[in-house]
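Trainee: coords below, sequence missing:
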């Protein structure tokens, strides 16, 4: 009598780590490549609807840097604050700093809110959630390009010629993009669980903006000078500005800090991207 062989199937929780990190990075790359069109469509949708019902529309992109720079120009001329040794007209110096900072801040806020804003779509449709985060950061890049155009207009107005290193602007911007995106991947997950993240983030970014020499020169003494030496945002935001203006850095410590910060930005991006990839299949349960 023949015995019927039974096939036994064992189910176990999905664990991508068992596949190895090379397999994980290959999956991430394949997803990003396959979802290029979706990412672009999400970016276009968000960008077109952002100012759709706004009275002044995209002019808001110019309003924030102009108000920020204008306020500090008034404070500088009134003698209320001193901004250190700045070798270029202050409006140009501040405008470029605000452009770099807004690339980081606006990108971080947009990415951290990306999953929450798409909550209904996440529940109904199964797709790569990375597209939502990356598409939301695209808005910050567009705003950055607009503000750089405004910076160029100021250069013409003041008849200044920047260093030839300005041609390397896209390279200098990359560490900020990767650092913001990396934090954005993690904060988007946390914001889905703790909705207070969005409110706290806005307050913290305003606080760190004034701690970082975005609108003033780096202090040479005091507690703020000490904090600046360990502020990664100083090296990612302010040091590239100094390079573009002067072609060199202020000191060897800036070289060392800039190099470490660039490496850290890519490491943080990689770690956060892997964590997001391993957990995004469970995002719908929390949003």
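Mentor: Looks like it came in fine. Keep in mind it's a predicted model, so treat the numbers as computed, not measured. Numbers count the residues shown, from 1 in each chain.

Trainee: Where do the strands of this protein begin and end?
Mentor: Counting by DSSP state E, one finds no strands in the chain.

Trainee: For residue 133, see how far away the spatially most central residue of it is.
Mentor: Centroid-nearest residue in the chain, with Cα atoms, centre = their mean: residue 180, separated by 2.9 Å. According to Cβ to Cβ, to the nearest Å, residue 180 and residue 133 sit 10 Å apart. Using the backbone N, CA and C atoms, a C-beta is placed for each residue, glycine as well.

Trainee: still on that earlier bit, shouldn't the residue nearest to the centre of the chain be in contact with residue 107?
Mentor: Yes: Residue 180 is within contact range of residue 107, at 4.1 Å (criterion: Cβ atoms under 8 Å).

Trainee: what do these two both touch?
Mentor: 137, 140 (Cβ atoms under 8 Å, 6 or more residues apart in numbering).

Trainee: which intervals of the stretch 1-150 of the chain have sub-threshold pLDDT?
Mentor: Along the stretch 1-150 of the chain, the model assigns pLDDT under 70 to residues 1-21, 50-61, 79-84, 123.

Trainee: where do the helices sit along it?
Mentor: For the stretch 1-150 of the chain, helices defined by DSSP state H, counting those that start in this stretch occupy the ranges 21-34, 36-50, 60-78, 90-112, 114-117, 119-124, 130-157.

Trainee: and if you look at the stretch 151-287 of the chain?
Mentor: Using DSSP H, counting those that start in this stretch, helices in the stretch 151-287 of the chain cover 169-193, 196-211, 223-229, 232-233, 239-246, 252-279.

Trainee: Okay, angle between the second one and helix 169-193 too, please.
Mentor: Meaning helix 196-211. 140 degrees (axes from the mean of the first three to the mean of the last three Cα atoms, to 10 degrees).

Trainee: other SSEs contacting helix 196-211?
Mentor: Judged by 3 or more Cβ pairs under 8 Å, 6 or more residues apart in numbering; DSSP states H and E, helix 196-211 is in contact with helix 90-112, helix 169-193, helix 223-229.
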